[in-house]
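>>> sharing a model that was predicted from the sequence below.
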Amino acid sequence: MKLPTVTPADIRSALLLREEIALLDLRYEAAFATGHPLFAANMAVDRIAVEAEVRLPRKDVAIVLYDGGDGLVSPGAERLAALGYTNISALEGGLTAWRAAGFEVFEDVNSYSKAFGELVESRRHTPSLSADEVAKLIADKANIAILDVRRFDEYATMNIPGSVSVPGAELVLRAGQAAPDPETTIIVNCAGRTRSIIGTQSLINAGVPNRVRALRNGTIGWTLARHQLDHGARRRGAIGPFEGGPANARDVAYRAGVRHIGANEMSALAAQTHRTLYRFDVRDAEEYAAGHLPGFRHYPGGQLVQETDMAAPVRGARILLTDDKNVRADMTASWLAQMGWEVYVLEDGHDGALEVGPPHVLPKPDPAHRYRRPYEGTDVAEAAMQAYLDWEYGLVEQLRRDGTHGFYVI
């Protein structure tokens, strides 16, 4: 299949001008993680049939395919064309040409979300405590609440002793219940750095009265400091916002440039078929299954900020969020807007006709093709964990060299 080609400079120009573009890396995720452009999204060629129509909702969106010289572009284009996609190009010279042009190559997965988290910490000086400092607070039975902002399954696999599961976008909605005493110090942790930085800064941005600190380097830092993790915990934080939290969350979203819209404006956005519109319900899976708005895909807010490239591979698209309480949508939207997205929050709608049923979950890839994250599981080598942290520390400087990100921090 003969395809038109675009140059690395064309891609860079499209990114800087905020044009819609889906730059797809057709290699397996493990190869993708060895290096890719900042806003490339991984869609392995043998995953196109199961992923494309979910992740690329507009059939005439500009799609640019590349590989590492593996011969994947032609079969990838054929599979996309068979699904009805009509605007497919190839990156001239592939990843080799991108490198030769002197453009930055980022390792790992969800790289731009992680880089954004590092930028937030750099700009806002997000406060944190070391593993040893937190361990001493636990041993001293200090007045603390440790909130784990990862997915619940990650939390259940391994967690900081005494912590409670409060996935990222739920923090402002549940912090008042998790730490009702304003004198309680809230400690936010994830597996590494990004989600704890964003979670800590979310509570600070929303004006929680408590002192808030990130657990520096998360469960990785805890392990490297030779502290023990617990396993199999099932503690979940209950709903209960702190006073003023919901109103403050809305103010944070406004300051970030998020717009609240109603059903009529949503219909107007959807009618603009020359633009891609992603619609996400950012509540937890149980709430979504009990009743959700038609056309909205489930994606918990904390994970949406963490893995935006997986949820929305079309850079420059619009994103519309919904949440029956608005708090989670507002906080999630505030971060996406700072990451350069055009984001809207849908007002109301949950008191009308709702669809019932569990979220649609894409089948998992072959484990042999998947990149093993250095922050997941309980058997990761210490050298790999330390190398991962060292990589994250360098992301702000790499963002500066790349120059296409368009991030800002309120």
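Received, thanks.
>>> CA only for contacts and neighbour counts going forward, please
OK.
>>> residue boundaries of the helices in the stretch 1-150 of the chain?
For the stretch 1-150 of the chain, applying DSSP state H, counting those that start in this stretch gives helices covering 8-16, 29-32, 48-55, 73-82, 94-100, 111-124, 131-139.
>>> nearest to Ile204, out of those helices?
Ile204 sits nearest to helix 111-124 of all those, at 10.2 Å, using CA to CA.
>>> from the contact counts, what lies against that closest one?
Counting contacts by 3 or more CA pairs under 8 Å, 6 or more residues apart in numbering; DSSP states H and E, helix 111-124 packs against helix 194-205, helix 301-306, helix 382-393, helix 395-402.
>>> could the C-alpha coordinates of it be exported in PDB?
The C-alpha coordinates for helix 111-124 follow below in PDB (Å, rounded to 0.1, in the frame of the first residue of the first chain):
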ATOM      1  CA  SER A 111       6.200   9.600  29.000                       C
ATOM      2  CA  TYR A 112       4.600  13.000  28.500                       C
ATOM      3  CA  SER A 113       2.300  12.600  31.500                       C
ATOM      4  CA  LYS A 114       5.300  11.700  33.600                       C
ATOM      5  CA  ALA A 115       7.300  14.600  32.200                       C
ATOM      6  CA  PHE A 116       4.400  16.900  33.000                       C
ATOM      7  CA  GLY A 117       4.400  15.700  36.600                       C
ATOM      8  CA  GLU A 118       8.100  16.500  36.900                       C
ATOM      9  CA  LEU A 119       7.400  19.900  35.500                       C
ATOM     10  CA  VAL A 120       4.700  20.500  38.000                       C
ATOM     11  CA  GLU A 121       7.000  19.600  40.900                       C
ATOM     12  CA  SER A 122       9.700  21.800  39.400                       C
ATOM     13  CA  ARG A 123       7.400  24.800  39.000                       C
ATOM     14  CA  ARG A 124       5.300  24.500  42.200                       C
END
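>>> and the contacts of that helix?
Residues outside helix 111-124 that contact it (CA atoms under 8 Å, 6 or more residues apart in numbering) are 38-39, 126, 193-195, 197-198, 305-309, 339, 392-393, 395-396, 399, 407, 409.
>>> quick revisit: and the helices and strands packed on helix 111-124 as CSV, adding distance to Leu346, mean pLDDT and mean neighbour count?
Listed next are the helices and strands packed on helix 111-124 as CSV, based on distance: least, CA to CA, whole Å; pLDDT from 0 to 100; neighbours: other CA atoms under 10 Å:
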stretch, distance to Leu346, mean pLDDT, mean neighbour count
helix 194-205, 20, 98, 25
helix 301-306, 14, 98, 25
helix 382-393, 34, 95, 15
helix 395-402, 32, 98, 16
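>>> and of the ones you listed, who's closest to Arg18?
Here helix 395-402 is closest among the helices and strands packed on helix 111-124 (CA to CA), at 15.4 Å.
>>> elements contacting the closest one?
Going by 3+ CA pairs under 8 Å, 6+ apart, helix 395-402 lies up against helix 111-124.
>>> excluding chain neighbours, what is closest to Ile198?
What sits nearest to Ile198 in space, not counting adjacent residues and going by CA to CA, 6 or more residues apart in numbering, is Gly117, at 6.3 Å.
>>> relative to Ile220, how far out is the one you found?
Going from Gly117 to Ile220 by CA to CA, to the nearest Å gives 17 Å.
>>> with Arg47 instead?
According to CA to CA, Arg47 and Ile220 sit 31 Å apart.
>>> for Leu38, what are its contacts?
104-106, 111-112, 405.
>>> nope, Glu19 is what I meant
Glu19 makes contact with 315-316, according to CA under 8 Å, 6+ apart.
>>> make residue 1 into 895 and carry on from there
New numbering, starting at 895: the last item is Glu913.
>>> wait, Phe997 sits on Thr1298?
No. Using CA atoms under 8 Å, Phe997 is not in contact with Thr1298; the gap is 10.1 Å.
>>> re earlier: could you export the helices of the stretch 895-1044 of the chain as JSON lines, including distance to Leu1109, mean neighbour count and mean pLDDT?
Below are those laid out as JSON lines (distance: least, CA to CA, whole Å; neighbours: other CA atoms under 10 Å; pLDDT from 0 to 100):
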{"stretch": "helix 902-910", "distance to Leu1109": "34", "mean neighbour count": "16", "mean pLDDT": "97"}
{"stretch": "helix 923-926", "distance to Leu1109": "28", "mean neighbour count": "21", "mean pLDDT": "98"}
{"stretch": "helix 942-949", "distance to Leu1109": "33", "mean neighbour count": "16", "mean pLDDT": "98"}
{"stretch": "helix 967-976", "distance to Leu1109": "42", "mean neighbour count": "19", "mean pLDDT": "98"}
{"stretch": "helix 988-994", "distance to Leu1109": "36", "mean neighbour count": "17", "mean pLDDT": "98"}
{"stretch": "helix 1005-1018", "distance to Leu1109": "13", "mean neighbour count": "21", "mean pLDDT": "98"}
{"stretch": "helix 1025-1033", "distance to Leu1109": "7", "mean neighbour count": "16", "mean pLDDT": "98"}
